[in-house]
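In: The sequence and its predicted three-dimensional model are supplied below.
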Amino acid sequence: MSSPIPPSDEPTGDRCGGHRAQEVRPRGGTTLRRGLSVSPLNRDAWDAQDALQVPAWARGGATTEGQEGMARDNTALERGLLPDLALRGEGFTTAFHYAPGRAHTLLGGDFCDVVRGEDGSVHVVMGDVSGHGAAEAALGVHLRLAWHTAVLCGQSQLEQLRLLERILTDERAREETYATVVSLVLPPHRRSLRMVSAGHPGFLHRRRGNVRWAEPRPALPLGLFPGQGDWRESELALSDGDGVVLFTDGLYEGPTSQGRLGEEGLLRLAARLAHLGTQAFVDALVHGASALAAPFGGLRDDVAVLHLACEGPGVLAG
C-alpha cells in the first residue's frame, strides 16, 4: 500500500460525471479508452469503438500497401487477445476501462479477466506486469490466459498464483520483471468474497452509496523472489447491493500538484462519486484522475479498471 499523502488538488464543479477519460488524456498519439455500458463486455463492443487503428507510419501517400496491411493485421491480432468480460448468466454486469500507456497499441502490461464457474461462482483477476514495452504486454497475455485455464481446471487461488509465477519466471525477458496480481472469488451465495493478493493494490468496496478501501492480506508480487511468496486467502463480508472495483496503480500514480494522487486521494475522489451507477462511476473515476494529472503530462502508465456488479437479492449490484 502506498504511503499516505497530503490532500491533493482535485477538480471542482461537475468535472467528472459523464465525461470520457480520453478527453483529458493526451498520450502523444492514439489513446485507447474502454468504458462499457451496462451491457456485458464482449469483443463486438471493442470493434464498435476505435479498436481498429492504424499507426501514423502506415498512413499517407508514401505508405506501401504492405505496411498498411501489416498494421491492420497487428491490430486485429491484438484485438483478438483482449479479454471477453461478459459473464454468462443473468444479473451480472461489468464496466471496464482499459488504456495502454504506449501509443498505437491496444495491449499493455495490465490484464484482467472474469470467469463464471459451473457452480455459479464468479472468479476475477486483475494484474500488472512491471515495465511498459511490448514484451510486458505479451507476458500479460500469457498470464491472463494461464489464469483463465487454471480456473476452468478447478485450481485453487493459491495454486493459480504458483502457476502464474512459474510461467512468469519462464517467459520473462528480464530477470527483474515481476507482476502484481489480485484474485477474487464470489461463491454462489455471494455473502462473502475470497481474495488473494500478490503485491497488488487494494480495491474499492461499494455499499449503499458509500465507498471504502478493501485491502487483501499483503504479500510478495509474482517473480520478485520466486518460490518465497507467502500468499494467503482472506475474506470480505458482503451485503445485498455491494459492488467491487478493481484497478491497477496507473489510475492513481499520475502526477498532481501535490506529487501524486495516491490511494487516499483516489478514495476521496471515489467517495464523491459513490451515488453513480456502475458505468458512470468508472467513467467519472477515470476522468477525475485524468483531470488531476492533465496539467502535469497526464496519466503515463497503463490503466485498467473493472467494476463487477450484479442484481437481485444476495448478489452484488452496481
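Out: Cool, the structure landed.
In: Please count neighbours and contacts with C-alpha atoms only from this point.
Out: Fine.
In: so where do the helices sit in the chain?
Out: Here the chain has its helices, by DSSP state H, at 43-48, 65-80, 134-152, 157-171, 262-272, 278-293.
In: Out of these, which is the most enclosed?
Out: Of all the helices of the chain, helix 278-293 has the most neighbours on average by mean count of other CA atoms under 10 Å, namely a mean of 26.
In: Specify the angle between that one and helix 262-272 in degrees.
Out: The directions of helix 278-293 and helix 262-272 differ by 130 degrees, with axes from the mean of the first three to the mean of the last three CA atoms, to 10 degrees as the criterion.
In: which stretch among the helices of the chain comes nearest Leu204?
Out: helix 262-272 (7.8 Å; CA to CA).
In: Show me what that closest one is packed against.
Out: Applying 3 or more CA pairs under 8 Å, 6 or more residues apart in numbering; DSSP states H and E, one finds that helix 262-272 contacts strand 210-214, helix 278-293.
In: For the longest one, which helices and strands make contact with it?
Out: In terms of contact count using 3+ CA pairs under 8 Å, 6+ apart, helix 278-293 is assigned the packing partners strand 92-99, strand 255-256, helix 262-272, strand 303-310.
In: Same list, these, but as JSON lines with distance to Ala138 please.
Out: Listed next are these as JSON lines, based on distance: least, CA to CA, whole Å:
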{"stretch": "strand 92-99", "distance to Ala138": "16"}
{"stretch": "strand 255-256", "distance to Ala138": "27"}
{"stretch": "helix 262-272", "distance to Ala138": "28"}
{"stretch": "strand 303-310", "distance to Ala138": "16"}
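In: will you turn these into a markdown table that also has mean pLDDT and distance to Cys153?
Out: Output for those, formatted as a markdown table (pLDDT from 0 to 100; distance: least, CA to CA, whole Å):
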| stretch | mean pLDDT | distance to Cys153 |
| --- | --- | --- |
| strand 92-99 | 84 | 23 |
| strand 255-256 | 86 | 42 |
| helix 262-272 | 94 | 35 |
| strand 303-310 | 88 | 23 |
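In: closest to Met195 out of the ones you listed?
Out: With CA to CA, the closest approach to Met195 among these belongs to strand 303-310: 14.4 Å.
In: other SSEs contacting that closest one?
Out: With contacts taken as 3+ CA pairs under 8 Å, 6+ apart, strand 303-310 sits against strand 92-99, strand 110-116, strand 243-247, helix 278-293.
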